[in-house]
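**Student:** Here is my input; please provide its structure:
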Amino acid sequence: MDLDRTAPEAYQGFLQTDAALRRGPLDATVRELVKIRASQLNGCVFCVDLHTREARRLGERQDRLDQLVVWQESELFDERERAALAYTEAVTRREHVGDELWETLRKHFPEAELGNLVAQVALINALNLLGVPLRKKPPVRESQAPGR
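**Tutor:** Sure, this is the predicted structure:
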């Protein structure tokens, strides 16, 4: 189903929210890391593909993208990124976000950035809830064809 055709106003609302978050104060690296991690947890292949490509375009290193799935064990993420990823995982897994995590977030993110982080995590989860059941798939690119 093509939501841009079947529910254009609603779909445009998602895109407008995404555009507002991109203009906001949240660091682009953190923004893309949380999008990728939530999408990994939700099993949204379309969003994982889209946001890993965007992260690389913005200068993200491949080794960090490779280790994102095991970020808790990796030494490649700083405390600010770890706080954002911990929040992302808690929200995506529908777990309680405790006082300790909120305090850690407040330590690393000014209020406006934290507000944008909260909105970003909510938005990517909503988009994953569209992409997964609608079976959105990324294009198979020439270099990705089976047998290559």
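
**Student:** where in this structure is pLDDT low?
**Tutor:** In the predicted model, the chain carries pLDDT under 70 at residues 144-148.

**Student:** List the contacts of the spatially most central residue of the chain.
**Tutor:** The chain has K35 as the residue nearest its centroid, 0.4 Å off, counting by CA atoms, centre = their mean. Contacts here follow CB atoms under 8 Å, 6 or more residues apart in numbering; on that basis K35 touches 47, 51, 120, 124. (Glycine included, C-beta is placed from N, CA and C.)

**Student:** Secondary structure, neighbour count and distance to V97 added to these, as JSON lines?
**Tutor:** What follows is the contacts of K35, written out as JSON lines (DSSP: H, G, I helix; E, B strand; the rest coil; neighbours: other CB atoms under 10 Å; distance: CB to CB, whole Å):
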{"residue": "C47", "secondary structure": "helix", "neighbour count": "23", "distance to V97": "22"}
{"residue": "H51", "secondary structure": "helix", "neighbour count": "24", "distance to V97": "22"}
{"residue": "Q120", "secondary structure": "helix", "neighbour count": "24", "distance to V97": "15"}
{"residue": "I124", "secondary structure": "helix", "neighbour count": "27", "distance to V97": "16"}
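
**Student:** from the residues you listed, which two are the most distant?
**Tutor:** Farthest apart among the contacts of K35 by CB to CB are C47 and Q120. That separation is 12.6 Å.
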